[in-house]
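Undergrad: Sequence and predicted model, in that order:
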Amino acid sequence: MSGTKTFAAIDVGSYELSMKIFELNSKWGSKEVDSISAILELGSDTYRYGYVSNDKINELIDCLNKFKNKMKEYDVKDYVAYATSAIREASNSLMIIEMIELRTGLKVKILSNSEHRFMMLKGCAMFMPEFDEITGRNTALLDMGAGSIQISLFEKQRLTATQNIKIGAVRVRDM
């Protein structure tokens with residue numbers, strides 16, 4: 001398969017870790033070839049205590065090492081790894097990112113809320129055939145996550161306002 005390469009996308013979320021592996025080819029585009037995930041409630045620590053515990057950090061690193069091994073199986077050379085609010089809001093976020101790189105070799109970028117929401121909306125626009133039709137009317141899109149709810153308002157296909165409210169499923173459950 002000349003011209004084909006593999007790529008991995010890793011999401012370090014508040015409730016779950018996930019990785020998708022894609023084959024990329026200039027002729028036929030991309031296709032997902034594998035997907036793995038693990039439940040790890042990092043947000044439960046962050047939203048309750050303000051930091052991620054050592055036990056959860058060790059679980060996170062073990063899981064990321066499993067992801068790395070899966071990447072080796074597919075000969076993945078390029079990847080992106082993003083962390084969201086559970087890491088972003090943790091008082092020990094920089095230590096977590098350094099420990100991940102030291103113990104796995106993976107570089108994880110912490111997304112700001114704005115970056116995270118931009119990627120989510122871009123994904124909706126790309127993969128929802130009806131996105132233009134839906135946002136052509138006065139529309140509120142809700143992104144309900146573990147740490148927060150994002151409300152994005154559209155008018156005539158233009159994003160007019162967006163607001164993040166810290167009342168996600170894990171955060172509310174742990175109150």
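TA: Right, received. Where do you want to start? Numbering: from 1, shown residues only.

Undergrad: Could you check whichever helix or strand E98 is part of and say which residues are buried?
TA: Assigning secondary structure by DSSP states H and E places E98 in helix 93-104. Going by neighbour count (16 or more other C-beta atoms under 10 Å), the buried part of helix 93-104 is S93, I96, I97, M99, I100, T104. All C-beta spots, glycine's among them, are computed from the backbone N, C-alpha and C.

Undergrad: remind me, longest helix of this protein?
TA: Assignment by DSSP state H gives helix 54-73 as the longest helix of the chain.

Undergrad: Which residues does that one contact?
TA: 8, 10, 12, 17, 19, 21, 34, 36, 38, 40-42, 45, 52, 79, 81, 96, 99-100, 103-106 (C-beta atoms under 8 Å, 6 or more residues apart in numbering).

Undergrad: In strands only, show me the residues you listed.
TA: A8, I10, V12, L17, M19, I21, D34, I36, A38, Y79, A81 (DSSP state E).

Undergrad: hmm, back to that, show me what the helix holding E98 is packed up against.
TA: Under the contact criterion of 3 or more C-beta pairs under 8 Å, 6 or more residues apart in numbering; DSSP states H and E, helix 93-104 touches helix 54-73, helix 85-88.

Undergrad: what's the most buried one of the ones you listed?
TA: helix 85-88 (a mean of 25; mean count of other C-beta atoms under 10 Å).
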